[in-house]
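[1] Here is my input; please provide its structure:
(one chain, ligands or ions: 1)
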Amino acid sequence: MKLKNFSLERYFAKHEFSAKYLLSCSDCDGYSLKYVLDGAYEEEMSLWEGMTLGYTESEGHSLLRESVLPYYKTNDINDVVVASPGELNFVTMNVLLEPSDHVVAVAPCYQSLTEIVKSLQCDLSFWKPDPEDWKFDIAHLERAIQPNTKLIIINFPHNPTGSYLTLDELQEVIRIAREKNIYIFSDEMYHKLTMEATQELPPICDLYEKGISLWGTSKTFGLAGLRTGWLVSQDHSFLEKVIAYKDYLSICSSAPSEILSIMALNNIDRFLQPNLEKIRNNVSLFSAFAKEHKIIKSFTPPQAGSTSFVELDIDETSLVFSDRMVDQVGIMTVPSEMFEHTGKYIRVGFGRDNFSDVLEVFGRYLDTY
Ligand SMILES: Cc1ncc(COP(=O)(O)O)c(C=O)c1O
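    Have a look, this model is predicted:
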């Protein structure tokens, strides 16, 4: 199996730790270890202090899987498997798919959602939103289904556009899948990051027997460095295959990360609420900014998630624009080329404290552009 380079991650690798300003991150600022420990309950501190640094359970620490349960309808820790989010995405596709299968995936999207499908030589169709408002039309999804469709891949809140479905629309996606016995892999990495007026969707595994939900600590909790994610599904035979496949990859998660993830899950508001406040404030700042700068051709505020895909009125490609800006003023942006999306867009991320400072420099740059 050969995989193409992950363009977005390679672009981050080039600039993330050298650029002075980051305007396109999808995660919120990382919380400190001290912040996590300061909010921990007494029993969690005992776990932390008594922790040994040996191997851990392949499926994830049973207390971690218990801490995941309140967010889902299930009461069964055997519905939960822990690994890093990227790994769980990779393993899911490998466990589910054969070359003769057809897959429908949202696009643009985080590249691994489609690249792994391609590497497995499956036939792939895209479910694309309307660029006017980034709405995904259910009729388009229905038309993309083929007799050999095995899997539908969705990602709501959507990275990069900030698009979201209504519950009725999600129920329609499930109806389409159920009629043809199709799995749904729902990448819910931005779960709970919803704007004030947006109604939160339930995880797919609560609604559909062949639904697989992916969530983790990276985005919602501002704890990407823990590398903790989890799949939740009612399909135990699928989850057992995931656990077995992991033996060839990470085998198990890191013990400190598991305990810190338990602390976060048991006290979500300490992590989520500051992130939501930051994202909502930064979206308002950017709405005003977009009106003042003609180069911003269109901006659809996110309904959910931490990013938007912003169209630019420029004569060059968005890649050339982004490369020049990072060279000249040290602002890193992710251009649409990193999402294999045509048109001149950059992703803007709203989860960072220094957003207004970065906007000031970005505004000065656009004024002289
Ligand atoms: C939609 C989506 N899924 C999965 C991931 C992977 O998450 P992690 O970096 O925590 O492995 C990301 C990261 O940006 C993402 O945006």
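[2] just so I have it, where are all the strands in this structure?
    Secondary structure of the chain (DSSP state E): strands at 21-22, 80-83, 102-106, 123-127, 149-154, 183-187, 211-216, 229-233, 296-298, 307-312, 331-332, 334-335, 345-349.
[3] so for the fifth one, what's the average pLDDT?
    Per-residue confidence for strand 149-154 averages out to 98 on the pLDDT scale.
[4] Looking at the stretch 151-300 of the chain, what residue ends up closest to the ligand?
    Ser218 (3.3 Å; C-beta to the nearest ligand atom). The way it works is simple: take the backbone N, C-alpha and C, and place the C-beta from them, glycine included.
[5] Which residues of the stretch 1-150 of the chain lie near the ligand?
    26, 84-86, 89, 110 (C-beta under 6 Å from any ligand atom).
[6] now those in JSON lines, with pLDDT?
    Formatted as JSON lines, these follow (pLDDT from 0 to 100):
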{"residue": "Ser26", "pLDDT": "97"}
{"residue": "Ser84", "pLDDT": "98"}
{"residue": "Pro85", "pLDDT": "98"}
{"residue": "Gly86", "pLDDT": "96"}
{"residue": "Asn89", "pLDDT": "98"}
{"residue": "Tyr110", "pLDDT": "95"}
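[7] returning to that earlier point: and the residue of the stretch 151-300 of the chain closest to the ligand, how many residues sit next to it?
    23 (other C-beta atoms under 10 Å).
[8] What of Glu16?
    13.
[9] who touches it in this structure?
    Glu16 is in contact with 22, 25, 332, counting by C-beta atoms under 8 Å, 6 or more residues apart in numbering.
[10] before we move on, what about Gly229?
    82-88, 189, 214-218.
[11] 7 Å instead?
    Gly229 makes contact with 83-85, 88, 214-216 under the criterion C-beta atoms under 7 Å, 6 or more residues apart in numbering.
[12] Kindly report the same for Lys297.
    Counted by C-beta under 7 Å, 6+ apart, Lys297 has contacts 311-313.
[13] who wins for most neighbours among those residues?
    That'd be Leu312 among these, by other C-beta under 10 Å, with 22 neighbours.
[14] wait, doesn't that residue sit right on Leu319?
    No - assessed by C-beta atoms under 7 Å, Leu312 is found out of contact with Leu319, at 11.6 Å.
[15] which neighbours do these two share?
    In contact with both Leu312 and Leu319: no residue, using C-beta under 7 Å, 6+ apart.
[16] Gln303 reaches Thr161, doesn't it?
    No - here Gln303 lies out of contact with Thr161, judged by C-beta under 7 Å, at a distance of 9.2 Å.
[17] which of the two has more neighbours?
    Thr161 (29 against 22).
[18] where does Pro274 land on pLDDT?
    Looking at Pro274, its pLDDT reads 98.
[19] how many neighbours does Tyr71 have?
    19.
[20] Begin at 10, not 1, for the rest of this chat.
    Will do, 10 is the new start, and the previous item becomes Tyr80.
[21] Please report phi then psi for Glu107.
    phi -120, psi 160 (degrees, to the nearest 10).
[22] and the gap between it and the ligand?
    For Glu107, the distance to the ligand equals 23 Å [C-beta to the nearest ligand atom, to the nearest Å].
[23] quick one on the thing from earlier: nearest to Lys82, of the strands of the chain?
    Among the strands of the chain, strand 238-242 comes nearest to Lys82, with 9.5 Å by C-beta to C-beta.
[24] tell me the angle that closest one makes with strand 220-225.
    160 degrees (axes from the mean of the first three to the mean of the last three C-alpha atoms, to 10 degrees).
[25] Now stretch 263-275: average pLDDT?
    Across stretch 263-275, the average pLDDT comes to 98.
[26] Mind listing residues that contact that stretch?
    Applying C-beta under 7 Å, 6+ apart, the set of residues contacting stretch 263-275 is 45, 48-50, 53, 56-57, 60, 62, 65, 69-70, 72-73, 76-77, 226, 230, 232, 235-237, 280.
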